[in-house]
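Visitor: here's my sequence, what's the structure:
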Amino acid sequence: MARAARRGTATHNLIEQYLKGETPSERSVLPLGLFKLLKPYVDQINNIHLLESIMYSHKLTVAGQVDCIAQYREKLSVIDFKTANKERVDSWNENYYIQCTAYAIMYEELFGTPIEQIVILQAGEDGSCKAFVKNKADYEEKLGDAIKGFYKYYEEKTKGTIKS
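Guide: The predicted structure is shown next:
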């Protein structure tokens, strides 16, 4: 798990530096290789609005740090960068789509600009690389269910432990 986190963080840093026009600081072979796989997809990003930015929503009662909000293939998008051991099947990404939908709603609430597209750019150690592009609206109900489920779990977990 720690190895995967280091791999992901290093690859994220390379992407962020590239998008900012900065000199890459990472020299490890694996993150550099994953970045090289992702680069053709990253090159389709322009008009960056946010990069590694913390956002929140009063409406959803959630907060988080978004990887990127920018135009991807001419559409304003929430873009998430992922690394993996092997090629991912689309159905494995549902939680990522739900998370990106939350970021889209946060952005809309904070800036008043609609986002219809969510994008997962994923590179695998096996040489796989893919852009998963989805419609935000397809995950809004699942996001609501996930938030309700979280609060229900939290209430059950803390019931009786908080004194009045």
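
Visitor: in a helix, that's where E140 is, yeah?
Guide: Yes. Membership of E140 in a helix is supported by DSSP: H, G, I helix; E, B strand; the rest coil.

Visitor: my guess is it meets I98, correct?
Guide: No. Shown here, E140 and I98 do not form a contact pair, counting by C-beta atoms under 8 Å, at 9.1 Å. All C-beta spots, glycine's among them, are computed from the backbone N, C-alpha and C.

Visitor: so where's the protein uncertain?
Guide: Where the chain drops to pLDDT under 70, the residues are 160-164.

Visitor: what about 50?
Guide: Applying pLDDT under 50 to the chain flags residues 164.

Visitor: strands of this protein, start to end?
Guide: With DSSP state E as the criterion, the chain has strands at 45-57, 62-72, 75-84, 117-124, 129-135.

Visitor: the last one to strand 117-124, inter-axis angle?
Guide: Interaxial angle, strand 129-135 versus strand 117-124 (axes from the mean of the first three to the mean of the last three C-alpha atoms, to 10 degrees): 160 degrees.

Visitor: tell me which strands strand 129-135 pairs with, and in which orientation.
Guide: strand 117-124 (antiparallel) (DSSP bridges).

Visitor: number of residues surrounding the closest residue in space to L121 that isn't next to it in sequence?
Guide: Distances taken as C-beta to C-beta, 6 or more residues apart in numbering place Y41 nearest to L121, at 4.8 Å, with adjacent residues excluded. Look at Y41: counted by other C-beta atoms under 10 Å, it has 20 neighbours.
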